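Visitor: sharing a sequence plus its predicted fold:
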Amino acid sequence: MAIMLAGYHPSLHLLGISTSAGNQTIAKTTTNALRILEVSGNSAAAASAWSWISWDMLYLWPYMSGLRHVEVVAGMSKPLIRKPSNCPEIHGDSGLDGPTFPPLTLSALNQHAILRMAQVRSFVLSFPSASLLIVANCKVDLQ
């Protein structure tokens, strides 16, 4: 939900998504970010995958022209200090259980998130008053 809200917010321009292991493995969190981006611009796939969406959120539907252009990069595969802990009891074995997604056609960049963030740093710093880093989970990539 956070990806779609940020991606379609009229005051934000989503430059990219970095994933990290948390409630699931890095492979699963990266795949889940790609799945959200994939269905966000496909009305039929979104309707199928998100059949549980509430009617009060349908005001977003006209804006869902797609987020397939957003880059996804995988970051840290484990916490820096504590032992990794997957929690399938929170969001299921996939980390995004519930929806049925179509086959995935998007792929993550073949680069580590820390390296990609360093590359886009100069671009982001050229707009200091308009740039935000929004952290929606534990980001060991930034520590």
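Guide: Alright, I've got the coordinates.
Visitor: now for whichever helix in the chain runs longest, which elements pack on it?
Guide: Determined from DSSP state H, the single longest helix within the chain is helix 26-40. The helices and strands touching helix 26-40, judged by 3 or more Cβ pairs under 8 Å, 6 or more residues apart in numbering; DSSP states H and E, are helix 2-8, strand 16-19, helix 43-49, strand 71-74. All C-beta spots, glycine's among them, are computed from the backbone N, C-alpha and C.
Visitor: which stretch in those is the model least sure about?
Guide: Ranked on mean pLDDT, the bottom entry among these is helix 43-49, at a mean of 55.
Visitor: against residue 4, how distant is the one residue sitting closest to the centre of the chain?
Guide: The chain has residue 33 as the residue nearest its centroid, 3.6 Å off, counting by Cα atoms, centre = their mean. Noted for residue 33: a distance of 11 Å to residue 4, by Cβ to Cβ, to the nearest Å.
Visitor: tally of neighbours for residue 114?
Guide: 14 (other Cβ atoms under 10 Å).
Visitor: please apply the same query to residue 1.
Guide: Residues near residue 1, counting by other Cβ under 10 Å: 10.
Visitor: what pLDDT does it get?
Guide: 77.
Visitor: quick one: residue 96 from residue 37, how far?
Guide: Distance from residue 96 to residue 37, by Cβ to Cβ: 13 Å.
Visitor: ok, the two, which is more surrounded?
Guide: Between residue 96 and residue 37, counting by other Cβ under 10 Å, residue 37 is the more crowded of the two (23 against 19).
Visitor: surely that one meets residue 101?
Guide: No - applying Cβ atoms under 8 Å as the test, residue 37 and residue 101 come out as separate, 11.2 Å apart.
Visitor: the helix or strand hosting residue 116 vs helix 26-40, what angle?
Guide: Assigned by DSSP states H and E, residue 116 falls within helix 113-125. Orientation of helix 113-125 against helix 26-40 (axes from the mean of the first three to the mean of the last three Cα atoms, to 10 degrees) gives an angle of 50 degrees.
Visitor: what's the average pLDDT for helix 113-125?
Guide: Helix 113-125 shows a mean pLDDT of 80.
Visitor: please save the CA atoms from it in PDB.
Guide: Below are the C-alpha coordinates for helix 113-125, written out as PDB (Å, rounded to 0.1, in the frame of the first residue of the first chain):
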ATOM      1  CA  ALA A 113      20.800  -0.800  -3.300                       C
ATOM      2  CA  ILE A 114      23.700   1.000  -1.500                       C
ATOM      3  CA  LEU A 115      25.600   1.500  -4.800                       C
ATOM      4  CA  ARG A 116      22.400   2.700  -6.700                       C
ATOM      5  CA  MET A 117      21.600   5.200  -3.900                       C
ATOM      6  CA  ALA A 118      25.200   6.500  -4.200                       C
ATOM      7  CA  GLN A 119      24.700   7.000  -7.900                       C
ATOM      8  CA  VAL A 120      21.500   8.900  -7.600                       C
ATOM      9  CA  ARG A 121      22.800  11.000  -4.700                       C
ATOM     10  CA  SER A 122      24.000  13.900  -6.800                       C
ATOM     11  CA  PHE A 123      20.600  14.100  -8.500                       C
ATOM     12  CA  VAL A 124      18.700  14.100  -5.200                       C
ATOM     13  CA  LEU A 125      21.000  16.700  -3.700                       C
END
